[in-house]
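*Asks:* Curious how this folds, go ahead:
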Amino acid sequence: MNDLAPLLAPEGRALLDEVRDTAPADELAVATRLRRDHPAALVSAALGQARLRQRAAAKFGAEDAGRMFFTPNGVEQSTRASVAAYRAGCFRARGVRSVADLCCGIGGDAIAFARAGIRVLAVDRDPLTCAVARANADALGLADLIEVREADVTEVDTAGYEAVFVDPARRSSKRGRIFDPEAYSPPLSWAVRAALKAPYAGLKVAPGIPHEAVPAAAEAEWVSDGGDVKEAVLWFGAEPGAVRATLLPGPRTLLSRGLPDPEVRPVGRYLYEPDGAVIRAHLVAEVAEDLGGGLIDPTIAYVTADERRPTPYASAYEITDQLPFGVKKLKALLRQREVGVLTVKKRGSAVEPEELRRKALPKQHGPNSATVFLTRVAGAPTMLLGHPV
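*Replies:* Residues are numbered from 1 along each chain as shown. Purely as a prediction, here's the structure:
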C-alpha cells in the first residue's frame, strides 16, 4: 500500500466494509470475486488493510482498529492504546494543553493525547505514514486537535508547545531491532536535547536501555501491560534521578528506594516472580523488602519467603518440592503427583521449556497441574515445583 487515497474514496471505503471480517483462508476466493467489479490493486489494498486491522485489534481494540488505517510497520511499532492513554494522562496531570509529538508514526500516541484534551502537532518524515496519521485522526473524530506535519523532526520548532514527546525509530529495515540508543533515528542524544528545551517532556526508549545510558536530568519509568514489558520512558521536568516501574492496568507504580541488593537465603515456602517492569527498573530489592524475603541466587530475580504477602508487583507460587536438575527425577515426581498439565518457567537455565515438557510429562496424563521453575539456587541448577496462589 503506497497510496492511501483510493481506500479513502467511496469505492475504497465500501470495499473495506465488505472485506472487514475476511479470514486469511478465504482471501483468495474473495479477491477473485471482487476483482470482477473493482480494480485488482484496490482489492488487494483493501484486503491488506483488513488484515492489518485484524492484527491491530490487539493493540487498539476492535472498535478503533476497525475504523483506523495502518501500515505493516505502523502496526508493529505503534504504542498499545492502553499504554498511550496512561502516558497521555501523565501529560494531562501536569497541566499540559499542547504537545509536539515527534516521530508520530501512524498517530497512536497523538490519538491518546487528543482524547485527553491535548492539542497535538504530530510530525513524521514519511509521506505515507503522515497520510495514515491524518486519516486516523479524521476517522476517530480528532482532526480538530491533531495537526499532522510531514517534516524532519530535527528541523521542527517546538517553542510554541508546552510539552514534547519523542518516539525515535528503534528498528531498521536492514538490521532489525536497534539496541544502541545512539543508533536510534533520531539518536538518543538529539532526542534528549529536544526534550530539555521543553518545560515537560517524555522520551520513549526500548525497555532494555542500560541504566547508565539514562541522563542524570531524567526520571526513568518502565511500563508493563498485563504482565508484558512494553517500554521505558525518560521524563524531563519531573524528578531527576527517580526510577519507577508502572504496571497496567491500574496503574500501580513502584518507586525506587535506593535499596542494596537483597540477601540470598534458602528457598522458603513461597516463590515470587517479579513483574518484568520491576526487573527492568532494578526494583527487585524493593519487592523483596516488602515481602520480607530474599533472593534464591545472587544473579536470579526470584524472591523467596516463608510468609505469603499479597503484592501487585510479583506473582506468587507455593513451592512443594526442590530437587537438583534431572529429567528422570522430574518425570518420576510428576507421575507420583498425577500431573497432566505442566507450566515450565526458567531463569538462569538453558533448557528449552517445550523439550522438557515433552520429555518429563508421563504418557498417562493425570488430572493435576503444576509449575516447574528451572533456575539456580545458590549457584546450583535446581528445579522448584509448585503452583500459583
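*Asks:* What segments of the stretch 251-389 of the chain are helices?
*Replies:* 276-280, 284-291, 327-336, 353-360 (DSSP state H, counting those that start in this stretch).
*Asks:* Just the CA trace of the shortest one, in PDB.
*Replies:* Pointing back at helix 276-280 there. Output of helix 276-280 as PDB, limited to C-alpha atoms (Å, rounded to 0.1, in the frame of the first residue of the first chain):
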ATOM      1  CA  GLY A 276       9.100  -7.600  34.100                       C
ATOM      2  CA  ALA A 277       8.900  -3.900  34.600                       C
ATOM      3  CA  VAL A 278      10.100  -4.300  38.200                       C
ATOM      4  CA  ILE A 279      13.100  -6.300  37.000                       C
ATOM      5  CA  ARG A 280      14.000  -3.900  34.200                       C
END
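*Asks:* Packing partners of it?
*Replies:* Packing partners of helix 276-280 (3 or more C-beta pairs under 8 Å, 6 or more residues apart in numbering; DSSP states H and E): strand 219-225, strand 228-236, strand 243-248, helix 284-291. Backbone N, C-alpha and C define where each C-beta goes, glycine included.
*Asks:* ok, now with 6 Å
*Replies:* strand 219-225, strand 228-236 (3 or more C-beta pairs under 6 Å, 6 or more residues apart in numbering; DSSP states H and E).
*Asks:* Need the residues that contact it.
*Replies:* 207, 222, 224, 229, 245, 287, 301, 313 (C-beta atoms under 6 Å, 6 or more residues apart in numbering).
*Asks:* What's the separation between the residue nearest to E239 when sequence neighbours are not counted and L374?
*Replies:* Using C-beta to C-beta, 6 or more residues apart in numbering and skipping residues adjacent in sequence, the residue nearest E239 is E219, 4.8 Å away. E219 sits 36 Å away from L374, taking C-beta to C-beta, to the nearest Å as the criterion.
*Asks:* what about the two, which has more around it?
*Replies:* Shown here are E219 and L374; by other C-beta atoms under 10 Å, L374 has more neighbours (21 against 18).
*Asks:* now the helices and strands packed on helix 276-280 as TSV including distance to Y272 and mean pLDDT?
*Replies:* Output for those, formatted as TSV (distance: least, C-beta to C-beta, whole Å; pLDDT from 0 to 100):
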stretch	distance to Y272	mean pLDDT
strand 219-225	16	98
strand 228-236	17	96
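*Asks:* what's the closest of those to D275?
*Replies:* strand 219-225 (5.5 Å; C-beta to C-beta).
*Asks:* For that closest one, C-alpha coordinates in PDB please.
*Replies:* Provided in PDB are the C-alpha atoms of strand 219-225 (Å, rounded to 0.1, in the frame of the first residue of the first chain):
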ATOM      1  CA  GLU A 219      13.300  10.300  35.600                       C
ATOM      2  CA  ALA A 220      13.200   6.700  34.200                       C
ATOM      3  CA  GLU A 221      10.000   4.700  34.100                       C
ATOM      4  CA  TRP A 222       9.500   1.100  32.900                       C
ATOM      5  CA  VAL A 223       5.900   0.200  31.900                       C
ATOM      6  CA  SER A 224       4.300  -3.200  31.600                       C
ATOM      7  CA  ASP A 225       0.800  -4.000  30.500                       C
END
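*Asks:* List the contacts of that strand.
*Replies:* Identification of contacts with strand 219-225 by C-beta under 6 Å, 6+ apart yields 80, 82-83, 207, 214, 230-235, 238-239, 242-248, 275-277, 280-281.
*Asks:* and these, which are buried?
*Replies:* Among the contacts of strand 219-225, those scoring as buried are 80, 82-83, 207, 214, 230-235, 238, 243-248, 275-277, 280-281 (criterion: 16 or more other C-beta atoms under 10 Å).
*Asks:* helices and strands around the one helix or strand R87 maps to, which ones?
*Replies:* Element membership for R87, per DSSP states H and E: helix 81-93. When contacts are defined as 3+ C-beta pairs under 6 Å, 6+ apart, helix 81-93 packs onto helix 108-115, strand 219-225.
*Asks:* Tell me what angle it forms with strand 243-248.
*Replies:* Helix 81-93 and strand 243-248 are oriented at 120 degrees to each other (axes from the mean of the first three to the mean of the last three C-alpha atoms, to 10 degrees).
*Asks:* Residues contacting helix 81-93, please?
*Replies:* 60, 108-109, 112-113, 116, 163, 223, 225, 230, 248, 251.
*Asks:* next one: that helix to chain centre, how far?
*Replies:* The chain centroid and the centroid of helix 81-93 are separated by 14 Å under C-alpha atoms, centre = their mean, to the nearest Å.
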